[in-house]
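Colleague: Could you look at this predicted model? Sequence included:
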Number of protein chains: 2
Amino acid sequence: MTNPVLVEVLRGGLVESAHRGALAVFEAGGKSVWEMGDTDHPVFPRSAVKAIQALPLVESGAADAYGFGDRELALACASHNGEAAHAELARSMLAKAGLGEAVLECGAHWPSRHEATIALARAGKTPSSLHNNCSGKHSGFICTCAHEGIDPRGYVAAGHKLQEMVREAMEDVTGAPHSPDNRATDGCSIPTYAIPLKNLAKGFAKMATGQGLSSERAKAAKRLFAACMAEPFYVAGTGRADTALMQAAPGRIFVKIGAEGVYCGAVPELGLGIALKCDDGAGRAAEAMIATVLAKLLRRDEILSARLDRLANQPITSRIGAEVGSIRPTAALLGI
Amino acid sequence: MTNPVLVEVLRGGLVESAHRGALAVFEAGGKSVWEMGDTDHPVFPRSAVKAIQALPLVESGAADAYGFGDRELALACASHNGEAAHAELARSMLAKAGLGEAVLECGAHWPSRHEATIALARAGKTPSSLHNNCSGKHSGFICTCAHEGIDPRGYVAAGHKLQEMVREAMEDVTGAPHSPDNRATDGCSIPTYAIPLKNLAKGFAKMATGQGLSSERAKAAKRLFAACMAEPFYVAGTGRADTALMQAAPGRIFVKIGAEGVYCGAVPELGLGIALKCDDGAGRAAEAMIATVLAKLLRRDEILSARLDRLANQPITSRIGAEVGSIRPTAALLGI
């Protein structure tokens, strides 16, 4: 099936580009609340499921053993900007397990935030694996290994004990099979498995409510979500949608972006999980989609809903800062 | 109508993202050679039409008066990387007209090429308007004004004499009306007008062959195309698709990318003009589309066609450089 156009990009008064996509909003028990497009088609959730992948860090007792608070847990669920505070926190997580950045297998890249890249270059430095947007997740993986007495070397491989723990959590939470047939490799070298949006939406509702999870897993899930909502800067960073959306309603919205236009999230007070993907992989569109979905789900709170609507409608500016266009949800997505 | 999927992005063995689009290949006389999708729908060509916008620079005699060679003319048609050689050449173009960078109204931004940004930051510098990817086009505009005795101030406004000259050239070459109704503002502050892909394709065939243009305009068009094909580094730069495609067949292929997934081009030996747009605005997809179109049009030259096919199929790598996916044309685009 052809997914509907959910977001459009205007220049002047005309539509310049258009983004199709699919979305799913589910209750933990499996009830579908809102679906658009093909929610059965398997998508790679990429970094959108980092909170699920961080369950073993909490469940194993590693997070407590190393004294991790909300910031460390948020960073374990993050695709961060590589700002100095992010890189430093990843370093300190590894240090608590007696390890250094050399054990990271995610690879190095310049910080996602342009200003952080400029600052690093001006200081005459080059980026390390600590600046990789996934360094918090990887540090969490490595700390889990260290606590469990597992040799961390090769922890990114599908056959490593750590990835088996992660896969078990992913299958339990989403109810979708994870096998070599639907497996590929993420940018940070760990496996990613293509699964339906509806499974992801149900999984995030389970994470938010604890329904359908063991009591230990439910507790770990709530702790991770609470940490991200309490420290949204450590989930993404300055100027980022994840951070802005969670700051818009402290403790009431959990969201996490994934590469190639994926967004997952949850509204705990409504018991709902959300998963969406922009067909073409555009992050700008996925951000407008998730903000619109949240504004609609939370429309009874008019002030919050208006705040989310503003995040869903972003200006496009020229190089001198003049507003020359905009990104906005379509009538189809708004349901008008 | 819904445009077909022309390019897909794979991760492992599965399609992760998909890009729809439309394309038009026309002869100068108006004969349609190949069309896919809606080629009547107006699109903003953005920077893809810089060679047409540079016609007044040559036709006015300004290019000769200031002694511009192939490199300067290529830069006037460029969306360059902001590498040191690009910024320096823009500076020298303005200097030949006795002007400095302060007259540029395009705005400043960090160089498009990451390595150039790092080098600038390491040197403790900030970018100027000369690093703007459009600085060559703007320098050409300003030199045209200087030669014609027109006050360059405000040259980016639709009502300025320079933009009237540019608009006349655009309407003559493309045969499409340019009015306030289809006008918006480009990122570098000049007007951009939404016109059908089929008009753009016909226009680029006219530029390549001279058919349907005045003899003076035909001569200027051929000179600009020849300059770009002779100095493709100055049209884009290191690692860029425009440069690689023109280097693949020196003197035989003209191409120019535009923002939001536009590509225009021509194959002079076949008398064909090309225009395409990826619906969602993705440059990665537009690059795969134009390379595939060129490979198909030039398939009788098997070595060149294979070279273009390789440019149409790009690997996606992880942060440690492992190949984890690819970008490729669909069977629909390949016509298989």
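Modeller: Yep, that arrived.

Colleague: count of neighbours near the residue nearest to residue A:268 when sequence neighbours are not counted?
Modeller: Leaving aside its chain neighbours, residue A:268 sits nearest to residue A:208 (4.3 Å; criterion: Cβ to Cβ, 6 or more residues apart in numbering or on different chains). For the C-beta atoms, the positions are set from N, CA and C on the backbone; glycine is no exception. By other Cβ atoms under 10 Å in any protein chain shown, the residues close to residue A:208 number 24.

Colleague: and what of residue A:245?
Modeller: If we define neighbours as other Cβ under 10 Å, then residue A:245 has 27 of them.

Colleague: hang on, the earlier thing: okay but the residue nearest to residue A:268 is in contact with residue A:225, surely?
Modeller: Yes: if you go by Cβ atoms under 8 Å, residue A:208 and residue A:225 touch, sitting 6.2 Å apart.

Colleague: and for those two, which residues touch both?
Modeller: Common neighbours of residue A:208 and residue A:225, using Cβ atoms under 8 Å, 6 or more residues apart in numbering or on different chains, are A:254, A:266, A:268.

Colleague: Just the ones of the residues you listed in strands?
Modeller: If you go by DSSP state E, those have A:254, A:266 in strands.

Colleague: Now rank the shared contacts of residue A:208 and residue A:225 by neighbours and give me the top one.
Modeller: Neighbour counts for these (other Cβ under 10 Å) peak at residue A:266, which has 30 neighbours.

Colleague: Spell out which helix or strand contains the nearest residue to that residue once chain neighbours are set aside, please.
Modeller: Once flanking residues are discounted, residue A:266 sits nearest to residue A:208: 3.7 Å by Cβ to Cβ, 6+ apart. Counting by DSSP states H and E, the element that carries residue A:208 is helix A:197-209.

Colleague: any idea how far the helix or strand following that helix is from the chain center?
Modeller: Downstream of helix A:197-209, the first helix or strand assigned by DSSP H and E is helix A:215-230. Its chain's C-alpha centre and that of helix A:215-230 lie 15 Å apart, by Cα atoms, centre = their mean, to the nearest Å.

Colleague: now stretch A:178-186
Modeller: Using Cα atoms, centre = their mean, the offset of stretch A:178-186 from its chain centre is 19 Å.

Colleague: neighbouring contacts of that stretch?
Modeller: A:42, A:44, A:46-47, A:158, A:167, A:170-171, A:191-195, A:259, B:11-14, B:16, B:318, B:322, B:324-325.

Colleague: Would you work out how far apart the start and end of stretch A:111-128 are?
Modeller: With Cα to Cα, to the nearest Å as the measure, stretch A:111-128 spans 9 Å from end to end.

Colleague: So is that stretch next to chain B?
Modeller: Yes: among the residues of stretch A:111-128, A:114, A:117, A:118, A:121, A:122, A:124 lie within reach of chain B under Cβ under 8 Å from any Cβ of the partner chain.

Colleague: Show the contacting residues for the last one.
Modeller: Shown here is residue A:124, whose contacts under the criterion Cβ under 8 Å, 6+ apart are residue B:122.

Colleague: Tell me the secondary structure at it.
Modeller: When classified by DSSP: H, G, I helix; E, B strand; the rest coil, residue A:124 comes out as coil.

Colleague: tell me the pLDDT at it?
Modeller: Residue A:124 is assigned a predicted lDDT (pLDDT) of 96.

Colleague: And it, how close does it get to residue A:135?
Modeller: As judged by Cβ to Cβ, to the nearest Å, residue A:124 and residue A:135 stand 21 Å apart.

Colleague: Let me know the distance separating residue A:159 from residue A:47.
Modeller: 22 Å.

Colleague: neighbour count winner among these two?
Modeller: Comparing residue A:159 with residue A:47 by neighbour count (other Cβ under 10 Å), the higher total belongs to residue A:47, at 24 against 8.

Colleague: quick one: contacts for residue A:320?
Modeller: B:105, B:106, B:107, B:189.

Colleague: and the spatially closest residue to the first one that is not a sequence neighbour, how many neighbours?
Modeller: Distances taken as Cβ to Cβ, 6+ apart put residue B:156 closest to residue B:105, at 4.7 Å, once the chain neighbours are dropped. For residue B:156, the number of neighbouring residues by other Cβ under 10 Å comes to 23.
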